[in-house]
Each structure stands twice: as structure tokens, then as C-alpha cells.
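Peer 1: give the three-dimensional model of this entry:
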Amino acid sequence: MEANMAERLERAVATLNELVELAEGFGLRESAQFLAMAKLHLLIDLNEITDAEFRALCAVLEGRAKKTRDASARAPLGRNRRDGELRAMRRAWQCPQDAPPRRGGRRRAGQ
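Peer 2: Purely as a prediction, here's the structure:
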């Protein structure tokens, strides 16, 4: 790849980095993702990565992600359980002791 083209692509990558940050700053996640994909494509062209090399990288990354998902599926986290006393109290344990929860019904004038 000629030097002039490589310099221009590097500037384009730097510009895309700024645009990704700008889009994320405004909460435009999908736009930021598309800009990041365009940056990745430019980096692939800039570094002269072949399709076969890129597919091999993706396969390795997918294998790692699958192993991580499998490991997390096999080891569920323990669940904290309430003791029987709190269950018997129902929702009263969530409210302050001096103010019982309201149970609905008609409202009086002025409330």
C-alpha cells in the first residue's frame, strides 16, 4: 500500500474515532456501532488483513465467547432467600414501622 494512501486512511480512522465518541456522547449507540464497524473495515484495509485471516480471528473470538457463556451457565449464583419471619410480614417489612402501608379505598377530601 502506498504511503500517501496509508496516511489518508490513518486520518480517516482518527476521524472515525472522534465520531464514535461524539455519537456515544449523544446516546446514539447504533450510529456509534456503525461508525466503529466502518473504522474496523478501514483498519483491515490499512493493515492488509485478508478475509481468511479475519474469519480465523472471528472464529477464535467466538470460541472464547462460547466458552465464557458455557461456564457461566454451568455455575449459577446462589439465591438469597428471605427467612420465614419476613415472608409472614408480607410487605410491612418494606415500610417504616410508624407508617403502615395504605390499603386503598376511598380518599377523603383534602388528601
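
Peer 1: could you measure residue 14 against residue 2, distance?
Peer 2: According to CB to CB, to the nearest Å, residue 14 and residue 2 sit 19 Å apart. Heads up, the C-betas are built off the backbone N, CA and C, glycines and all.

Peer 1: please disregard the earlier target; I meant residue 54.
Peer 2: According to CB to CB, residue 54 and residue 2 sit 22 Å apart.

Peer 1: and the two? Which one has more around it.
Peer 2: Just comparing residue 54 and residue 2: by other CB atoms under 10 Å the higher neighbour count belongs to residue 54, 13 against 7.

Peer 1: what is the neighbour count of the closest residue to that one other than its chain neighbours?
Peer 2: In this structure, residue 54 finds its nearest non-sequential neighbour in residue 44, 6.2 Å apart by CB to CB, 6 or more residues apart in numbering. The local packing of residue 44 (other CB under 10 Å) involves 14 other residues.

Peer 1: so which bits of the host helix or strand of residue 44 are buried?
Peer 2: According to DSSP states H and E, residue 44 maps onto helix 29-46. Within helix 29-46, the residues scored as buried using 16 or more other CB atoms under 10 Å are 32, 35-36, 39, 42, 46.

Peer 1: pick the one among the residues you listed closest to residue 9.
Peer 2: Residue 9 lies nearest to residue 46 out of the buried residues of helix 29-46, by CB to CB, at 4.6 Å.
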